[in-house]
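S.K.: here are the coordinates; sequence isn't available:
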């Protein structure tokens with residue numbers, strides 16, 4: 001992704017923008033079951049991007065941003081009132097020191113990656129995502145750790161086999177290095193299976209009133225022109241466990257339907273769209289858009305009626321641009337999303353961060 005000149009997107013970088021946005025959306029839109037919670041950290045290092053921090057981290061609980069650090073601010077800061085209330089100065093100082101260390105490692109990794117791919121100038125993004133999911137009903141925990149470079153997978157942890165997967169030849173050196181580092185694997189297992197779930201449980205407990213809230217969306221019918229598909233757009237809902245679809249004569253349909261991803265808004269809520277190919281004017285009212293939100297019994301049903309469709313091309317285009325711009329800022333400021341290096345000295349630390357505040361929540365990182 002390219003974010004330059006105050007987030008203005010330059011045409012020469014448009015492929016990179018598309019790559020980064022697609023990857024960011026993928027990482028930020030985990031559709032989880034109703035009893036599954038997630039703690040994720042996204043680290044991103046950029047090279048060749050003007051007027052934007054070289055290194056950015058963000059923490060998310062159930063898709064809600066809880067922390068932020070970048071190489072300009074040089075401080076890890078809370079992004080939720082309940083995080084600021086429940087974690088003291090020592091916590092934020094510890095997280096700051098981890099991020100400062102990670103920044104140096106990440107910058108080194110960008111240079112290593114550029115050498116591996118035989119690159120010099122240009123815009124490049126090295127990213128890292130790690131975290132865990134916890135089912136509060138079954139107790140099942142799943143951890144993950146993965147890295148990417150310029151929008152493609154670089155190296156991914158297979159926790160079950162306790163090995164690293166290198167999808168690209170340039171990562172084979174890293175795979176061999178990390179597969180033979182038993183201390184690294186022990187740290188990964190300890191963090192992903194023990195420390196991460198404990199922090200997640202603590203955050204869910206502290207932020208329950210915010211994380212568990214239910215907010216219905218506003219739903220709009222949008223169309224660029226009379227011959228364009230109709231987009232049913234829902235925004236402002238929470239949580240992100242939602243479904244939206246079109247149905248005709250009371251039956252759900254799939255042909256001619258293009259369903260989008262659930263995307264984050266900058267206020268902690270979410271948005272999504274589902275498009276319907278053009279239909280004859282006389283058949284419009286046979287169709288309706290259905291929105292379903294986890295925990296809400298009744299569906300939100302919007303009948304496809306001509307007066308409800310916003311068709312003005314200029315307004316529609318502006319609306320989409322606003323959404324796209326908000327997404328760019330959100331993905332950037334919510335983490336210029338992420339993939340990159342990490343290890344952790346967690347194997348040497350106590351296993352319960354809930355009770356032992358000296359155990360940092362984020363991870364220490366190795367070079368590739």
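M.R.: Ah, there it is. Keep in mind it's a predicted model, so treat the numbers as computed, not measured.
S.K.: quick one: buried residues of stretch 114-121?
M.R.: The neighbour-count check on stretch 114-121 (16 or more other CB atoms under 10 Å) flags 114, 116 as buried. All C-beta spots, glycine's among them, are computed from the backbone N, C-alpha and C.
S.K.: and residue 132, how many neighbours?
M.R.: 23 (other CB atoms under 10 Å).
S.K.: ditto for residue 207
M.R.: 20.
S.K.: quick check: it touching residue 82?
M.R.: Yes: with contact defined as CB atoms under 8 Å, residue 207 counts as touching residue 82 (4.5 Å).
S.K.: between these two, which contacts overlap?
M.R.: By CB atoms under 8 Å, 6 or more residues apart in numbering, residue 207 and residue 82 have no common neighbours.
S.K.: might you report the residue contacts of residue 200?
M.R.: So residue 200 contacts 37, 38, 39, 61, 132, 134 (CB under 8 Å, 6+ apart).
S.K.: assumed the fifth one was part of a strand.
M.R.: Right, the one you point to is residue 132. Yes: remark: residue 132 belongs to a strand, assigned using DSSP: H, G, I helix; E, B strand; the rest coil.
S.K.: ok, the residue nearest to residue 268 when sequence neighbours are not counted to residue 200 distance?
M.R.: The shortest distance from residue 268 to any non-neighbouring residue, by CB to CB, 6 or more residues apart in numbering, is to residue 64 (5.2 Å). Look at residue 64 and residue 200: by CB to CB, to the nearest Å, they are 12 Å apart.
S.K.: using a markdown table, lay out the contacts of residue 200 together with distance to residue 155 and pLDDT.
M.R.: Listed next are those as a markdown table, based on distance: CB to CB, whole Å; pLDDT from 0 to 100:
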| residue | distance to residue 155 | pLDDT |
| --- | --- | --- |
| 37 | 26 | 93 |
| 38 | 21 | 95 |
| 39 | 21 | 97 |
| 61 | 26 | 94 |
| 132 | 19 | 97 |
| 134 | 25 | 96 |
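S.K.: would you list these in TSV and tack on distance to residue 108?
M.R.: Formatted as TSV, those follow (distance: CB to CB, whole Å):
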residue	distance to residue 108
37	33
38	29
39	26
61	29
132	26
134	33
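S.K.: what's the closest of those to residue 194?
M.R.: The shortest gap between residue 194 and any of the contacts of residue 200 belongs to residue 132, at 9.6 Å (CB to CB).
S.K.: what's the spacing between the closest residue to the closest one other than its chain neighbours and residue 160?
M.R.: The shortest distance from residue 132 to any non-neighbouring residue, by CB to CB, 6+ apart, is to residue 196 (3.9 Å). Per CB to CB, residue 196 is found 16 Å from residue 160.
S.K.: those two: which is more packed in?
M.R.: For residue 196 and residue 160, the more surrounded residue by other CB under 10 Å is residue 196, and the numbers stand at 28 against 6.
S.K.: state the phi and psi torsions of the more buried one.
M.R.: phi -60, psi -50 (degrees, to the nearest 10).
S.K.: tell me the contacts of it?
M.R.: So residue 196 contacts 39, 130, 131, 132, 143 (CB under 8 Å, 6+ apart).
S.K.: residue 167 contacts residue 148, correct?
M.R.: No: look at residue 167 against residue 148 with CB under 8 Å: they stay out of range, at 9.4 Å.
S.K.: before we move on, which element is residue 198 in?
M.R.: Per DSSP states H and E, residue 198 falls inside helix 196-206.
S.K.: what about residue 303, how many residues close to it?
M.R.: Neighbours of residue 303 (other CB under 10 Å): 12.
S.K.: cool, residue 89 as well?
M.R.: Residue 89 has 7 nearby residues by other CB under 10 Å.
S.K.: report pLDDT for it.
M.R.: pLDDT for residue 89: 95.
S.K.: check contacts around it.
M.R.: Residue 89 neighbours (CB under 8 Å, 6+ apart): none.
S.K.: tell me how far it lies from residue 305.
M.R.: Taking CB to CB, one finds residue 89 at 56 Å from residue 305.
S.K.: again, but for residue 142
M.R.: For residue 142 relative to residue 305 (CB to CB), the value is 44 Å.
S.K.: higher neighbour count, these two?
M.R.: Taking neighbours as other CB under 10 Å, residue 142 and residue 305 compare with residue 142 leading, 15 against 12.
S.K.: and that one, what element?
M.R.: Going by DSSP H and E, residue 142 is in strand 141-149.
S.K.: what lines up beside that strand in the sheet?
M.R.: Take DSSP bridges as the rule and strand 141-149 pairs in its sheet with strand 124-135 (antiparallel), strand 152-158 (antiparallel).
S.K.: identify the contacts common to residue 167 and residue 148.
M.R.: The contact lists of residue 167 and residue 148 share residue 154, where a contact means CB under 8 Å, 6+ apart.
S.K.: those two: which is more packed in?
M.R.: residue 148 (26 against 14).
S.K.: that one against residue 154, yeah?
M.R.: Yes: Residue 148 is within contact range of residue 154, at 5.1 Å (criterion: CB under 8 Å).
S.K.: nearest residue to residue 74 other than its sequence neighbours?
M.R.: Among residues not flanking residue 74 along the chain, residue 100 sits closest, at 6.9 Å (CB to CB, 6+ apart).
S.K.: model confidence for that neighbour, exactly?
M.R.: Reported pLDDT for residue 100: 96.
S.K.: who's in contact with residue 146?
M.R.: Residue 146 neighbours (CB under 8 Å, 6+ apart): 128, 129, 130, 153, 155, 156, 157, 339.
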